[in-house]
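# Structure for this input, please:
(one chain, ligands or ions: 4)
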Amino acid sequence: MADSPTGTGETRFGICKVCWAGCPVEVTVEDGRATKVVGDRQSPIYGGYTCPKGRAMPEAHYSPTRVLHPRKRMPDGSYTEIPMAQAIEEIAQRIEGIVAEHGPEAIAVYPGNGNLTNPINPVIGAMFIMAMGTFPDRFFSVQTIDQAGKVIAQALHGRWIPGPQPFSTAKTWIMVGTNPVISKQGVMVNPGQTVKQAVKDGMKLIVIDPRATESTAHAFLHIAPQPGQDAGILAGILRVILSEGLYDAAFVADNAIGIEALKAAVEPFTPHHVADVAGISADDLILAARTFAAAESGCVVTATGAHFPLHGTLCEYLALSLNTVCGRWVRAGEPHAQPHVLLPDVPIHAQPHAPYQPWDHSKLSRINALPQTVVGAPTGTLPDEILTPGPGQVRALICSGSNPAVSLPDQNRAGRALGALDLLVAIDVEMSNTARMADYVIPDRMALETPACSQFSESMKYYGIWTGGYEVPFAQYAPALVEPPAGSDTIESWEFFYELARRLGKQITYFGNAAGTGQHWDKPPVAFALPLDRRPTTEEMFEAMCAGSRVPLAEVKQHVHGKVFGDLDLTVLPRADDCTARLQLADPTMMAELAAVFVHRGDTANPSAEFPLMLIPRRANDMMNSIGRTNPKLTARRTHNPAYLNPSDLARFGLATGDIIRIRSEHGEISGVAEAEQRLRPGTLSMSHCFGTNPDEADDPLGQGGCTSRLMDANAAFDPVFGQPRMGAIPVSIEPAGRV
Ligand SMILES: Nc1nc2c(c(=O)[nH]1)N[C@H]1C(S)=C(S)[C@@H](COP(=O)(O)OP(=O)(O)OC[C@H]3O[C@@H](n4cnc5c(=O)[nH]c(N)nc54)[C@H](O)[C@@H]3O)O[C@H]1N2
Ligand SMILES: Nc1nc2c(c(=O)[nH]1)N[C@H]1C(S)=C(S)[C@@H](COP(=O)(O)OP(=O)(O)OC[C@H]3O[C@@H](n4cnc5c(=O)[nH]c(N)nc54)[C@H](O)[C@@H]3O)O[C@H]1N2
Ligand code: SF4
Ligand SMILES: [Mo]
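Ligands and ions are numbered 1, 2, ... in the order given. Alright, predicted model coming up:
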């Protein structure tokens, strides 16, 4: 610790945990309070980068609206503050009563993004449900309303153990439905600069997005398709590469099966067909394919834009197959570009984990008869799991760092469901949309009040390619930098689950250093049964989390700014003699879905005379989903959720920027505020998510904004494996509702 450059207070070094980029920060602490946050310029890899959300952490921590004591909802709907011990006791008694009457299946958890503050928090909810004996059926996480298709596709394709070629040195890259400069998905470290530098170093960047974004600024080629047509586009790119013989036949022969079946499956996706269906130029498609194949390195990656219109698993699968046919995986003798530092020391061989079927059709969900899968329960069905009577009905829900009242698709139904629960607990720091409906609100410690370490970032690679992590052996640990505000009564999310389980007479087993997902394990996790006689400290949990790490946590702790452990040997080993695993290029389930995409010209929703525009998702730079909406610094400019439209569409509907509009889908209606965006494909309406009031509250387009989830139907169309409702490419109409 040192004097701060301003001469007042001390400077402490930590990690921002508002999003998963985990930027190292320099925090000024005065009288025990964090007063200023800037990027840590001494970080060896981040170069002092932060975004507005990170720099607004002090305003979040000391927000006048922060919840600092447990709150209990009274019969008249008001809240009263009660001590933590009483809150835990009362919640435990209510859960005991519900379990006695209805069984443990009546209790569910839903962890979300507010849990990123401490790497123990996101996983402890699953371990609590394991202790209840109902895992995975009562573990509803954001994964199954996000990009669960990444894990499913990886299971079906097989996982190349050393991972994809690194972004920073690649000669080409195709981004499908992702805007890393804003979202940090895929590129965590200073993404704006990293993308710019990669292009400067010779990367031909190809972006497929109906909108020209911050990430297309340096693109060699931007293709702006009709939303929801990405599977066909990827099949079209594959067809060009396979039919022109531009692929890496040697890599395929040694490492993959299914090339002939893949060739046959993509054959109908001619450039002419794809161009016609997706509303793009055939020449651009061919150029993208030839550029990708000709470059010596690079990858094709997908994210939410491609996943939300329903064929996410297929898009991800085709991307993996494209990378495999072009041999875009790190080979023997090359440096491992997803190196382990706080993950275990395991040999990295240039070979795959074999494909497997990530579902069990003998165990079907109560709602929509979905198979049990490796990605947990289908969160899109959670409202109906609550609303549908019968054995197994969910009656109590614990939300930790999540905000289902605005994040679950189909907001009206979600609102009815949350209101119908016998018990709703929200572990949160604000009276979020969900906390406002909860029986108990449990105040968590915030980011600067808990320790942090980068192991979570390293392990994100197991959830598919283009998730996060470091291309160099970097690691960092930071202690808690400040105490929660004086006089407050807070608890870390994981500690709450521990205390609740203990009170219920259940023992939580924590699984540390999990190096894998599903059936793809580089090394199985280490079980650590949490002692019942005393609560472990967060530091002990960190030790368990990093058990067997390649560099001991104690060593990482020596370097306050983080360190690149450049001495580690990263050389990837050759395929082991006994390895028979091959990547699968043409999984039958995926190829059948692709055939349907061809027959139905995308097999997705299309605009109509009644609903002429396509609603598409986007991320806002100042918000992390709903996080930040109560932060005075982040909302100084605006609090609402603009409805971006191409100026030609504004003119077509007789609208101008600032007009309040009614936005209608076949399923619901919200109000929004029109805003012109020249760079958007005409015919699309681009809006962010997790804004808005609750269904029983008055609309507030200019204040809290509109909640796009209200336009989505939970049951009309959903992923057949993990049940994610259609959340992108939604036909909508707009009409003026007044001018400001
Ligand atoms: N319409 C539509 N819906 C979507 C999406 C979309 O694009 N469009 N995106 C989907 C995706 S990808 C995701 S991941 C989900 C996100 O879904 P959620 O994770 O449910 O939503 P968040 O807004 O991230 O919820 C974060 C909550 O954590 C609270 N919080 C903030 N800081 C802390 C803290 O320190 N501790 C605790 N305990 N809580 C804290 C916030 O107040 C907030 O209530 O939404 C999904 N829903
Ligand atoms: N600042 C900020 N950062 C965030 C978040 C946030 O809310 N704010 N949320 C976090 C979360 S939970 C997640 S999951 C990640 C998501 O990370 P990303 O998936 O990278 O999210 P976006 O930045 O919205 O980029 C998605 C892009 O897809 C485009 N798109 C929309 N529909 C289509 C389509 O049909 N096809 C194609 N090809 N493109 C389409 C959109 O225009 C948008 O530019 O971001 C994380 N980071
Ligand atoms: S990108 Fe912003 S919110 Fe995310 S970790 Fe960095 S500073 Fe924090
Ligand atoms: Mo997400």
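# report the longest strand in this structure, please.
Assignment by DSSP state E gives strand 730-739 as the longest strand of the chain.
# A148 contacts F722, doesn't it?
Yes. Taking contacts as C-beta atoms under 8 Å, A148 lies within contact range of F722: 4.6 Å. No exception for glycine: its C-beta is placed from N, CA and C like everyone else's.
# overlap in contacts of those two?
Common neighbours of A148 and F722 (criterion: C-beta atoms under 8 Å, 6 or more residues apart in numbering): 373, 375.
# got a list of contacts for stretch 121-140?
Under C-beta under 8 Å, 6+ apart, the answer for stretch 121-140 is 104-105, 107-111, 115-116, 141, 365, 372-373, 376-379, 382, 392, 394, 398, 400-401, 456, 492-494, 497-498, 500-501, 506-511, 514.
# Sort out which residues of it are buried, please.
Neighbour-count burial for stretch 121-140 flags 121-132, 134-140 (criterion: 16 or more other C-beta atoms under 10 Å).
# who does the longest helix seen in the chain touch, helix- and strand-wise?
As assigned by DSSP state H, the longest helix anywhere in the chain is helix 84-102. Secondary-structure packing of helix 84-102 (3 or more C-beta pairs under 8 Å, 6 or more residues apart in numbering; DSSP states H and E): strand 107-111, strand 396-400, strand 423-428, strand 440-443, helix 493-503.
# same thing but at 7 Å, please
strand 107-111, strand 423-428, strand 440-443, helix 493-503 (3 or more C-beta pairs under 7 Å, 6 or more residues apart in numbering; DSSP states H and E).
# one step back: any residues touching the longest strand of the chain, and which ones?
605-608, 610-615, 653-655, 658-665, 671, 685, 711-712 (C-beta atoms under 7 Å, 6 or more residues apart in numbering).
# that older thread, can you say which of the contacts of stretch 121-140 are buried?
104-105, 107-111, 115-116, 141, 365, 372-373, 376-379, 382, 392, 394, 398, 400-401, 456, 492-494, 497-498, 500-501, 508, 510-511, 514.
# picking up where we left off before, so how far is the longest strand of the chain off the chain centroid?
Centroid separation for strand 730-739 versus its chain: 29 Å, with C-alpha atoms, centre = their mean, to the nearest Å.
# pLDDT score assigned to the residue positioned nearest the centre of the chain?
In the chain, the centroid-proximal residue (C-alpha atoms, centre = their mean) is D146; its distance is 5.6 Å. With respect to pLDDT, D146 has a value of 97.
# Identify the residue spatially nearest to it, adjacent ones excluded.
In space, and not counting its chain neighbours, D146 is closest to T304: 7.1 Å by C-beta to C-beta, 6 or more residues apart in numbering.
# OK, contacts around the one you found?
147, 177, 617 are the contacts of T304 under C-beta under 7 Å, 6+ apart.
# can you tell me how far it sits from M175?
Separation of T304 from M175 (C-beta to C-beta, to the nearest Å): 12 Å.
# Can you show me the strands along the stretch 251-400 of the chain?
Counting by DSSP state E, counting those that start in this stretch, the stretch 251-400 of the chain has strands at residues 256-257, 298-302, 352-353, 359-364, 371-373, 396-400.
# closest to G232 out of those?
Closest to G232 of those, according to C-beta to C-beta: strand 298-302, at 13.4 Å.
# follow-up on the earlier one: show me the buried residues of stretch 121-140 that map onto helices.
Counting by DSSP H, the part of those found in helices is 121-132.
# how many other residues sit next to the nearest residue to T8 once chain neighbours are set aside?
Nearest non-adjacent residue to T8, counting by C-beta to C-beta, 6+ apart: E30, 5.9 Å away. Residues within reach of E30, counting by other C-beta atoms under 10 Å, total 13.
# C-alpha coordinates for stretch 441-458, PDB please?
C-alpha atoms of stretch 441-458 as PDB (Å, rounded to 0.1, in the frame of the first residue of the first chain):
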ATOM      1  CA  VAL A 441     -33.400  -9.600   0.800                       C
ATOM      2  CA  ILE A 442     -30.000 -10.700   1.900                       C
ATOM      3  CA  PRO A 443     -27.300  -8.100   1.500                       C
ATOM      4  CA  ASP A 444     -24.100  -9.400  -0.100                       C
ATOM      5  CA  ARG A 445     -20.600  -8.000   0.300                       C
ATOM      6  CA  MET A 446     -19.600  -6.000  -2.800                       C
ATOM      7  CA  ALA A 447     -16.600  -6.400  -5.200                       C
ATOM      8  CA  LEU A 448     -14.100  -4.400  -3.300                       C
ATOM      9  CA  GLU A 449     -15.100  -6.000   0.000                       C
ATOM     10  CA  THR A 450     -14.200  -9.500  -1.000                       C
ATOM     11  CA  PRO A 451     -10.900 -11.100  -2.200                       C
ATOM     12  CA  ALA A 452     -10.500 -12.000  -5.800                       C
ATOM     13  CA  CYS A 453      -8.300 -14.100  -8.100                       C
ATOM     14  CA  SER A 454      -8.000 -14.800 -11.800                       C
ATOM     15  CA  GLN A 455      -8.600 -18.600 -11.600                       C
ATOM     16  CA  PHE A 456     -12.200 -18.100 -12.700                       C
ATOM     17  CA  SER A 457     -11.000 -16.400 -15.900                       C
ATOM     18  CA  GLU A 458      -8.600 -19.300 -16.700                       C
END
